[in-house]
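Engineer: here is a sequence with its predicted model. Questions after.
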Amino acid sequence: MASVEDYGDYETAWCPGCGDFNILKALKAALANLGKSPSEVLMVSGIGQAGKLPQYLNCNFFNGLHGRTLPPATAAKLSNHELTVLAVAGDGDCYGEGGNHLIHAIRRNPDITILVHDNQIYGLTKGQASPTSERGMVSKIQREGVFNNPLNPIALAISQECSFVSRGYAGDVQHLTELLIKAIRHRGLSLVEVLQPCVTFNKLNTFKWYSNRVYKMEDGEYPLDDRVKAFERSLEWGDRIPLGIFYVNERPVLEDNHEVLKEAPLIRHKPQTEKVNGLIDGFM
Ligand SMILES: Cc1ncc(C[n+]2csc(CCOP(=O)(O)OP(=O)(O)O)c2C)c(N)n1
């Protein structure tokens, strides 16, 4: 049995009041609820305030380059598919620098969960607009307001038949915990997009702004494998912002396609030195 305490309680470098605290809280609660012990869990992150999250959890973690969260997470899952692998990223990290990796991870469908702290700003580098910043939002750099269209990550993920697509809110820990439990349990790539107010640099999308808009969709409002219905719902943004599971698409996961992984995780296979040397000799 695992408990929230097993995941530790560390001092953080986040600003007081940051939405990240509640995401950490929800994640610990979800992992404990699933009975996952820290040794069974691997967190992978890139760079950013969101990317620091694994450093505040007592479990295995790998901290890589900005935007490169998904490739090492996928590689780790293929090396030891018995691990519960979570990739943690900010909106800049996952949708900007790492946007290309997101698209290809969706195609490959490894059994990992992507947890995106979407504060609609680059937090660590002090408040430049990100791919999800609203048009017209004034930032320290975009003095006349953002010109570009924001990315809709939920619509993007559904359009590419991502295996599990959901949205939570850092202002509702209970709901986010439930979402994370379902996402981690789901076999296949699970996107958990979390609306996460940045209290220091995003003065537009505040806790109050979100709390006045978000509402929870009920599971079963429409069949969750109905891509067109899910897509319609994903376009809802403004006065009302839906939270919950948008789309579930059961499809083969990356690990299942590799014969060699059926015997045992790669890390338990004996090195086949002779065979490898033979292959190398063949190229000489
Ligand atoms: C390739 C690369 N580009 C830019 C940077 C500079 N950089 C570090 S963190 C960051 C922004 C992080 O924003 P986000 O991913 O949204 O996470 P947050 O800090 O808001 O949680 C940037 C631009 C970098 N380290 N590497």
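Structural biologist: Alright, I've got the coordinates.

Engineer: quick check: closest non-adjacent residue to Ile184.
Structural biologist: Nearest-residue entry for Ile184: Thr113, 5.3 Å, with adjacent residues in sequence omitted and distances by CB to CB, 6 or more residues apart in numbering. Quick note: C-beta positions are derived from backbone N, CA and C, even for glycine.

Engineer: state the helix or strand in which that neighbour lies.
Structural biologist: strand 112-118 (DSSP states H and E).

Engineer: show me what that strand is packed against.
Structural biologist: helix 20-33, helix 70-79, strand 84-90, helix 91, helix 99-108, helix 173-185, strand 190-195 (3 or more CB pairs under 8 Å, 6 or more residues apart in numbering; DSSP states H and E).

Engineer: list the contacts of Tyr10.
Structural biologist: Contacts for Tyr10 (CB atoms under 8 Å, 6 or more residues apart in numbering) come out as 55-58.

Engineer: just the buried residues of these.
Structural biologist: Neighbour counting over these (16 or more other CB atoms under 10 Å) leaves 56-57 as the buried ones.

Engineer: can you name the two of the contacts of Tyr10 that are farthest apart?
Structural biologist: Gln55 and Asn58 (10.3 Å; CB to CB).

Engineer: and the residue in the chain that the ligand sits nearest to, how many residues sit next to it?
Structural biologist: The nearest approach of the chain to the ligand comes at Gly90, 2.2 Å away (CB to the nearest ligand atom). A count of nearby residues for Gly90, using other CB atoms under 10 Å, gives 35.

Engineer: what's the burial count for the residue nearest to Ile184?
Structural biologist: Thr113: 26 surrounding residues under other CB under 10 Å.

Engineer: for it, give its distance to His269.
Structural biologist: Here Thr113 is placed at a distance of 26 Å from His269 (CB to CB, to the nearest Å).

Engineer: quick check, Asn148 in a helix?
Structural biologist: No: assigned with DSSP: H, G, I helix; E, B strand; the rest coil, Asn148 falls outside any helix and is coil.

Engineer: pretty sure it contacts Met137?
Structural biologist: No: at 10.4 Å, Asn148 and Met137 do not qualify as touching, with contact defined as CB atoms under 8 Å.

Engineer: between those two, which is the more surrounded one?
Structural biologist: It is Met137, of Asn148 and Met137, that has more neighbours when counted by other CB under 10 Å, with 18 against 10.

Engineer: give me the common contacts of Asn148 and Met137.
Structural biologist: Common contact partners of Asn148 and Met137 (CB under 8 Å, 6+ apart): Ala129.

Engineer: who's in contact with stretch 256-266?
Structural biologist: Outside stretch 256-266, the residues that touch it by CB under 8 Å, 6+ apart are 78-82, 255, 269.

Engineer: so who does the residue of the chain closest to the ligand touch?
Structural biologist: Applying CB under 8 Å, 6+ apart to Gly90 gives the contacts 48-51, 116-119, 122-124, 130.
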